[in-house]
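S.K.: I would like to see how this sequence folds:
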Amino acid sequence: MAFAYSDVNLPIRETTINAHRDSWERIARPGRWWTGAERVEIARLQRAARHFDPAKSSILPEAAVFAIQKLVVDNANLNRGFYDETITAPGMSEDRYIELVAVVVHALSVDEFHRALGIPLEPLPDPQPGDPSRQRPSAAEQKWSWAPIVPKSGLPPELAQHYGPLEWGANVLSALSLIPENLGWLHDLSEAHYLSFREMRMPDPLRAISRPQIELIAARVSALNECFY
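M.R.: Below is the predicted model of the structure:
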């Protein structure tokens, strides 16, 4: 079974293991704009980019390959010009770019968990058959993000809850909402690696270490990674 972690001599929460398995299942399935094979290819190319390996793809648009490399190794230099050029390139669109970003973020996050433990990366999943749904949310609006975002009122209840009491969630959430299911996916991975959105509002989320300790580690990791958000 994927993500068994049988050789890791550390306690790994079931929440984390389940989130990793869910991420691999989601990557393998057709999305709204990319097939399962294309989504797995996106995950493969982010691994190549992480090692600065030159890589080409026979199934992804050239602009998608470049965008993956940019997101992984040069994200501090992302700008509106890059975004506009990417979404208007052959084979790309706003929707396809946002779905690509989500796959890159989740595949890279799971891989980095393995690198932190010094264990081999999990083999990428086999793609599932089927066609993308190609459904764009009718409530998407052009607001504070480069890409259109979906307000709380335009989301199903199980996803709208992630915005909390506000019509718009934090940018790190709403920026990916053009593909609404990204919100639940991002929440689950955040809970696995850091805190759930609900726990972020709690002074002590009742973890093995205290909230100040959690934030100290998070701040140190962000500094080492030169996080600019």
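S.K.: Counting neighbours, which bits of stretch 100-118 end up buried?
M.R.: 100-111, 113-114 (16 or more other CB atoms under 10 Å). In short, each C-beta sits where N, CA and C put it, glycine included.
S.K.: Would you format these as a markdown table with distance to Tyr194, secondary structure and pLDDT included?
M.R.: Converted to a markdown table, those look like this (distance: CB to CB, whole Å; DSSP: H, G, I helix; E, B strand; the rest coil; pLDDT from 0 to 100):
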| residue | distance to Tyr194 | secondary structure | pLDDT |
| --- | --- | --- | --- |
| Leu100 | 23 | helix | 98 |
| Val101 | 19 | helix | 97 |
| Ala102 | 17 | helix | 96 |
| Val103 | 20 | helix | 97 |
| Val104 | 18 | helix | 97 |
| Val105 | 13 | helix | 94 |
| His106 | 14 | helix | 95 |
| Ala107 | 17 | helix | 97 |
| Leu108 | 15 | helix | 96 |
| Ser109 | 10 | helix | 94 |
| Val110 | 14 | helix | 96 |
| Asp111 | 16 | helix | 97 |
| Phe113 | 11 | helix | 94 |
| His114 | 17 | helix | 95 |
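S.K.: pretty sure Glu191 contacts Ala19?
M.R.: Yes. Assessed by CB atoms under 8 Å, Glu191 is found in contact with Ala19 at 7.0 Å.
S.K.: Name the helix or strand of this protein that has the lowest mean pLDDT.
M.R.: Least confident helix or strand of the chain, by mean pLDDT, DSSP states H and E, is helix 171-174 with a mean of 84.
S.K.: Downstream of that helix, the next helix or strand is which one?
M.R.: Next in sequence after helix 171-174, counting helices and strands by DSSP states H and E, comes helix 181-193.
S.K.: Relative to the whole chain's centre, how far out is that following helix?
M.R.: 8 Å (CA atoms, centre = their mean, to the nearest Å).
S.K.: What residues does the residue lying closest to Gln128 once chain neighbours are set aside make contact with?
M.R.: Spatial nearest neighbour of Gln128, chain neighbours left out: Gly36 (4.3 Å); criterion: CB to CB, 6 or more residues apart in numbering. Residues near Gly36 by CB atoms under 8 Å, 6 or more residues apart in numbering: 28-30, 127-130.
S.K.: now what about stretch 130-146, what contacts it?
M.R.: So stretch 130-146 is contacted by 29-36, 80, 83, 95, 148-151, 153-155, 168, 171, 174-175, 177-178, 180 (CB under 8 Å, 6+ apart).
S.K.: Tell me how far that stretch lies from the chain's centre.
M.R.: Centre to centre, stretch against its chain (CA atoms, centre = their mean), the figure for stretch 130-146 is 16 Å.
S.K.: Average pLDDT for it, rounded please.
M.R.: For stretch 130-146, the mean pLDDT works out to 92.
S.K.: go on, stretch 184-197?
M.R.: The model assigns stretch 184-197 a mean pLDDT of 87.
S.K.: One more: stretch 71-89?
M.R.: On average, stretch 71-89 scores 93.
S.K.: So for it, what gets flagged as buried?
M.R.: 71-72, 82-83, 86-87, 89.
S.K.: Relative to its centre, which residue of this protein is most distant?
M.R.: Distance from the C-alpha centroid of the chain, by CA atoms, centre = their mean, peaks at Asn9 (27.2 Å).
S.K.: Show me where this protein has its strands.
M.R.: Along the chain, no segments are classed as strands by DSSP state E.
S.K.: Show me what stretch 111-124 is in contact with.
M.R.: 2-3, 5, 7-8, 10, 16, 20, 24, 27, 40, 43-44, 46-47, 50, 107, 110, 193.
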